[in-house]
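*Asks:* need a 3D model of the following:
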Amino acid sequence: MLVLAAPLVNVDDSGWADIASTATEALALLRQHRPTRVFIDFEKLACGTTGTHLARRVKAEDPTVSVFLLSRSVHPAVALWGQSCGAFAVMPRSRESIASCLSGWSHQVCGADDFGNPTSSSTLHAARRLVISSLLSLGRLNPDALQALDLAVEKLRADTGCRHKACATDMAHAIAERIGSSRQRSALLGWLDQVAPLHDRSAAQKIRPRFAPVRPVAGAMGEHAMRVA
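*Replies:* Reported below is the predicted structural model:
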């Protein structure tokens with residue numbers, strides 16, 4: 001769930017999160033949908049309630065919810081204040097920070113020894129973040145999408161033709177290629193082609209690994225099946 005004082009820039013929040021602008025709306029949605037993660041603007045909301053005060057109320061309502069405060073400036077003092085109010089963390093108010101947080105939904109498929117290389121875990125994690133960031137931008141992030149992402153990562157890890165020398169962008173492409181829905185797969189690959197850093201793409205031409213033939217992962221990525229936040 002997102003509780004925002006103002007819309008987030010460059011984030012299509014339709015279809016993947018409940019949206020609230022006041023404390024009353026947020027608590028009502030919390031009781032109705034029981035999200036596991038709640039992102040709250042640190043600053044005052046439209047109702048005058050501060051994000052820190054609402055964080056306390058959310059944690060009092062459901063101690064199992066993970067609360068993240070979104071701040072334009074993450075100063076150590078701000079982070080400490082947020083955590084003292086029950087927030088798990090204070091994060092930059094950006095798409096990238098939310099994508100990084102939501103990538104934890106599929107963290108369990110990434111171990112410290114991925115592909116037999118202790119350093120490849122960070123590359124796979126970065127690749128997963130790229131795919132999740134694309135889902136955020138496309139407005140297609142939901143539990144079905146994250147389950148399909150998990151399956152695609154597992155398929156990538158199982159492919160004997162994959163080697164750990166791949167850069168994060170190439171690995172993100174390899175993950176997207178293993179998504180079961182052709183429409184979602186095409187959208188993800190198009191988005192990744194647009195945002196791939198130039199230096200990443202340049203390096204990819206030199207060390208692009210050979211991946212095993214792709215066989216689509218079973219199951220499609222539904223667009224509005226459930227809420228994830």
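*Asks:* all strands of the chain, in order?
*Replies:* Along the chain, counting by DSSP state E, strands occupy 2-3, 19-20, 37-41, 66-71, 89-92.
*Asks:* format the ones you listed as TSV; extra columns: distance to residue 99.
*Replies:* Backbone N, C-alpha and C define where each C-beta goes, glycine included. Compiled in TSV, these are given as follows (distance: least, C-beta to C-beta, whole Å):
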stretch	distance to residue 99
strand 2-3	13
strand 19-20	17
strand 37-41	12
strand 66-71	12
strand 89-92	11
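*Asks:* who are the neighbours in contact with residue 91?
*Replies:* Shown in contact with residue 91 (C-beta atoms under 8 Å, 6 or more residues apart in numbering): 39, 68-71, 74, 97-98, 101.
*Asks:* that one and residue 149, how far apart?
*Replies:* Per C-beta to C-beta, to the nearest Å, residue 91 is found 21 Å from residue 149.
*Asks:* ok, now residue 40?
*Replies:* For residue 40 relative to residue 149 (C-beta to C-beta), the value is 25 Å.
*Asks:* okay, now the nearest residue to residue 96 once chain neighbours are set aside: neighbour count?
*Replies:* Excluding the flanking residues, the one nearest residue 96 by C-beta to C-beta, 6 or more residues apart in numbering is residue 133, at 6.5 Å. When neighbours are counted by other C-beta atoms under 10 Å, residue 133 registers 24.
*Asks:* got the buried residues for stretch 71-90?
*Replies:* Buried positions in stretch 71-90, judged by neighbour count with 16 or more other C-beta atoms under 10 Å: 71, 74, 78-79, 81-82, 85-88, 90.
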